[in-house]
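Colleague: any chance you can model this:
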Amino acid sequence: MYRIQFINNGKNYQLFVRELSQSALFGFIEIGDFVFSNHSNLVVDPSEEKLKTEFSGVNRSYIPLQAVIRIDVVTEKGSARISDLGDNVIMFPYLPGKKP
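Modeller: Presented below is the predicted three-dimensional model:
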C-alpha cells in the first residue's frame, strides 16, 4: 500500500492507494484502488469524507509529477486528509517577483 502526498488547488492531499505507477502519459503518476477507512464508530473525519466524495466513482487518477510531494510504502493505512500548505511550500517553478 502507498501513501501519496500531492498539491492540488493550493491544498496538501494525502491519500492511501494500492496501485501506483508511472503513467503512459508523460509527466504523470497513475494512482488507483483508493483505500478509505470504513467508519464503524461515531467519529467521522470531515476531511476524509470530502476525499471520499471527491474520488467516488474514480478508478484511476493521474497526478502531475511536479505536484507530488512524497510517496511512501506503508504497511498500515492511516487517515486520508486534506490540509492547508502553509507558507513553507512553494510551487515549482517559482517565478521571483510574482506572489505565489
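Colleague: run the chain-centre distance for the helix or strand bottoming out on mean pLDDT in the chain.
Modeller: Sorting the helices and strands of the chain by mean pLDDT, DSSP states H and E puts helix 46-54 at the bottom, at a mean of 80. Using C-alpha atoms, centre = their mean, to the nearest Å, the mean C-alpha position of helix 46-54 is found 12 Å from that of the whole chain.
Colleague: in the protein, which strand is the longest?
Modeller: The longest strand of the chain (DSSP state E) is strand 11-22.
Colleague: show me what counts as buried in it.
Modeller: The neighbour-count check on strand 11-22 (16 or more other C-beta atoms under 10 Å) flags N12, Y13, Q14, L15, F16, V17, L20 as buried. C-beta coordinates here come from the backbone N, C-alpha and C atoms, glycine included.
Colleague: pick out the most distant pair among those.
Modeller: Taking C-beta to C-beta, the two most distant members of these are N12 and L20; they sit 17.6 Å apart.
Colleague: hang on, isn't F28 packed against L65?
Modeller: Yes: judged on C-beta atoms under 8 Å, F28 makes contact with L65 at a distance of 6.7 Å.
Colleague: comparing those two, which residue is more hemmed in?
Modeller: F28 (16 against 12; other C-beta atoms under 10 Å).
Colleague: next SSE downstream of the least confident helix or strand of the chain?
Modeller: strand 60-64 (DSSP states H and E).
Colleague: which strands and helices lie in contact with the next helix or strand after that next one?
Modeller: Using DSSP H and E, the next helix or strand after strand 60-64 towards the C-terminus is strand 68-73. Helices and strands touching strand 68-73, by 3 or more C-beta pairs under 8 Å, 6 or more residues apart in numbering; DSSP states H and E, are strand 2-8.
Colleague: for the strand it packs on, name the packing helices and strands.
Modeller: strand 11-22, strand 28-34, strand 68-73.
Colleague: so how far is the helix or strand following the shortest one off the chain centroid?
Modeller: Using DSSP H and E, the helix or strand that follows strand 68-73 in sequence is strand 81-84. On the basis of C-alpha atoms, centre = their mean, strand 81-84 is displaced by 9 Å from the centre of the chain it belongs to.
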